[in-house]
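[1] Okay, structure incoming, though there's no sequence with it:
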């Protein structure tokens, strides 16, 4: 087969997937909430009943991991076991318990002429979801997209291909039994990166794309997509210790925000400390971080107060480390802290530790991020922690969704007007 023929067939395959998803999405908007919930519960049962088959598929992926050069941490995220399969099944059941967003009346009014005007929640349509090599994400994404009335095209990492395909097979089996079209849940069967490029051009079929992965992937999607993108580039999250911060709380929150889980987007990467408390608080906080293996990269004042620190570069203040490094800077005021965050941050998650209500209010109002915490860890910026159930990602955009993206964020709305023969004069 020539390269030209191969690429031609790949493009035709992608167009067929997208066209079938578009056709399925028209049916999805009419599904009853009961059908979607029955599907979720049946899919959870099948995951439990066919645990052995799913583990066998996962073992194939784990066995191929060395060929893909996966790190130990990446292999751990890839690996399934009975407890993790049970967690996936429970996650589907939890989504089933959430209110169905489709058809919700967001706003309504009866006009003086008798017209009844409603703003009603509707599905987005077809979602193209690109994500990392974690089998549980396959189930989570499909659950959220279907529950919100959308069709989804899944492009998972090739490292989890066998596991993801087995999960989708079980989702299809459940879909057949409750009357949900299989084409509403499609997994790309090619590892060719060009497939993503082709699909990103098909705005006539795909309504939105959601990339979840490294910055390189997200930048590529943003540059090439002909349809809207819900994304976040990086999670350069800050903790600011204000002049009135409670010392014990400051240490507890900073350590949790940085160390509870380092390789995630809502982990703290930068620490700001008000000069009024730097002499007493900075050495204590930095020591607590260093005891947990965190490398401190700081400003000259940080180096004076904590000599074990290394000098921070300008680049350090922009960096999402996703590992055991944090940048530290002493600031002269709340205003300087806010300006630093808005300049160097990625609009993801920021936290202030303070006993000053006015300072907290200014911080919340002026910091431009998807979530702002007052006296709480940045690690709480999460759909489950916010009470949304599962999430498909955390958006740092302002349109169409911002922050954790759950069921409501996977919908749009339409205006519906009921009349009784009215005409406009």
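    Arrived safely, thanks for sending. Bear in mind the structure is a predicted one, so any value in this text is a computation, not a measurement. Numbers count the residues shown, from 1 in each chain.
[2] shaky segments in the protein?
    Across the chain, the ranges flagged by pLDDT under 70 are 1-5.
[3] Please, where are all the helices along it?
    Counting by DSSP state H, the segments of the chain that form helices are 3-28, 33-49, 51-68, 72-78, 82-97, 135-147, 161-178, 193-199, 215-224, 247-259, 275-290, 300-305, 334-344, 357-366.
[4] what about the ones you listed, which gets the closest to residue 383?
    Shortest distance between residue 383 and the helices of the chain, using CB to CB, is found for helix 135-147: 9.1 Å. Heads up, the C-betas are built off the backbone N, CA and C, glycines and all.
[5] In terms of secondary structure, what does that closest one contact?
    helix 33-49, helix 82-97, strand 126-130, strand 151-155, helix 161-178, strand 185-187 (3 or more CB pairs under 8 Å, 6 or more residues apart in numbering; DSSP states H and E).
[6] Tell me which of those lies nearest to residue 322.
    strand 126-130 (19.0 Å).
[7] who touches that closest one?
    18, 21-22, 25, 141, 145, 150-155, 196, 199-200, 205-213, 217, 221, 227, 392, 410 (CB atoms under 8 Å, 6 or more residues apart in numbering).
[8] hmm, back to that, export the helices and strands packed on helix 135-147 to TSV and tack on distance to residue 377?
    Listed next are these as TSV, based on distance: least, CB to CB, whole Å:
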stretch	distance to residue 377
helix 33-49	31
helix 82-97	22
strand 126-130	28
strand 151-155	31
helix 161-178	31
strand 185-187	35
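[9] Columns mean neighbour count and distance to residue 304 on top of these, output as CSV?
    Listed next are the helices and strands packed on helix 135-147 as CSV, based on neighbours: other CB atoms under 10 Å; distance: least, CB to CB, whole Å:
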stretch, mean neighbour count, distance to residue 304
helix 33-49, 19, 56
helix 82-97, 17, 47
strand 126-130, 26, 46
strand 151-155, 25, 50
helix 161-178, 21, 51
strand 185-187, 23, 55
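[10] Go through these and name the closest to residue 256.
    Of all those, helix 82-97 comes closest under CB to CB, at 22.3 Å.
[11] So which elements touch the closest one?
    Helix 82-97 packs on helix 33-49, helix 51-68, helix 135-147, going by 3+ CB pairs under 8 Å, 6+ apart.
[12] Quick one, which of these gets closest to residue 282.
    helix 135-147 (38.5 Å).
[13] Let me know the angle separating that closest one from helix 3-28.
    If you take axes from the mean of the first three to the mean of the last three CA atoms, to 10 degrees, helix 135-147 sits at 50 degrees to helix 3-28.
[14] for the closest residue to residue 255 other than its chain neighbours, what are its contacts?
    In space, and not counting its chain neighbours, residue 255 is closest to residue 288: 5.3 Å by CB to CB, 6 or more residues apart in numbering. For residue 288, the contact set (CB under 8 Å, 6+ apart) comprises 251, 254-255.
[15] can you do 10 Å?
    Neighbouring residues of residue 288 by CB atoms under 10 Å, 6 or more residues apart in numbering: 250-252, 254-255, 258-259, 294.
[16] for residue 214, same thing?
    132, 220, 233-234, 322.
[17] Okay, it and residue 220: tell me how far apart.
    10 Å (CB to CB, to the nearest Å).
[18] do residue 110 as well
    Relative to residue 220, and taking CB to CB, residue 110 is found at 49 Å.
[19] Same check on residue 337?
    Residue 337 is 34 Å from residue 220, by CB to CB.
[20] And residue 407, by the same measure?
    28 Å.
[21] If you drop the residues flanking it in sequence, what lies closest to residue 53?
    residue 166 (6.4 Å).
[22] Now that the one you found has come up, it's in contact with residue 55, right?
    Yes. With contact defined as CB atoms under 10 Å, residue 166 and residue 55 form a contacting pair (9.4 Å).
[23] Which residues are in contact with each of those two?
    Joint contacts of residue 166 and residue 55 (CB under 10 Å, 6+ apart) are residue 80.
[24] Quick check: residue 73 touching residue 263?
    Yes. Taking CB under 10 Å as the definition, residue 73 is a contact partner of residue 263 at 6.8 Å.
[25] just to revisit the earlier point, among residue 407 and residue 220, which residue is more densely surrounded?
    Each of residue 407 and residue 220 has its neighbours counted (other CB atoms under 10 Å); residue 407 has more, 25 against 18.
[26] I'd like to know which of the contacts of strand 126-130 are buried.
    Among the contacts of strand 126-130, those buried by neighbour count (16 or more other CB atoms under 10 Å) are 18, 21-22, 25, 141, 145, 150-155, 196, 199-200, 205-212, 217, 221, 227, 392, 410.
[27] hmm, back to that, ok, which of the helices and strands packed on helix 135-147 comes nearest residue 346?
    strand 126-130 (19.4 Å).
[28] Quickly note the distance from the residue nearest to residue 255 to residue 133.
    34 Å.
[29] again, but for residue 91
    Taking CB to CB, one finds residue 91 at 18 Å from residue 133.
[30] so what's residue 295 bridging to?
    Beta-bridge partners recorded for residue 295 (DSSP bridges): residue 325.
[31] what's the neighbour count on it?
    For residue 295, the neighbour count with other CB under 10 Å is 15.
[32] Next up, the contacts around it.
    289, 308-310, 321, 323-327.
[33] Residue 269 too?
    234-239, 257-258, 262, 316-323, 325-327, 344-346, 348, 378.
[34] List only buried entries from the residues you listed.
    Buried, going by 16+ other CB under 10 Å: 234-239, 257-258, 262, 316-321, 325-327, 344-346, 348, 378, out of these.
[35] Now, those residues that are in strands?
    When DSSP state E is applied, the buried ones among the contacts of residue 269 are split such that 237-239, 325-327 fall in strands.
[36] which one of those is nearest residue 355?
    residue 239 (15.5 Å).
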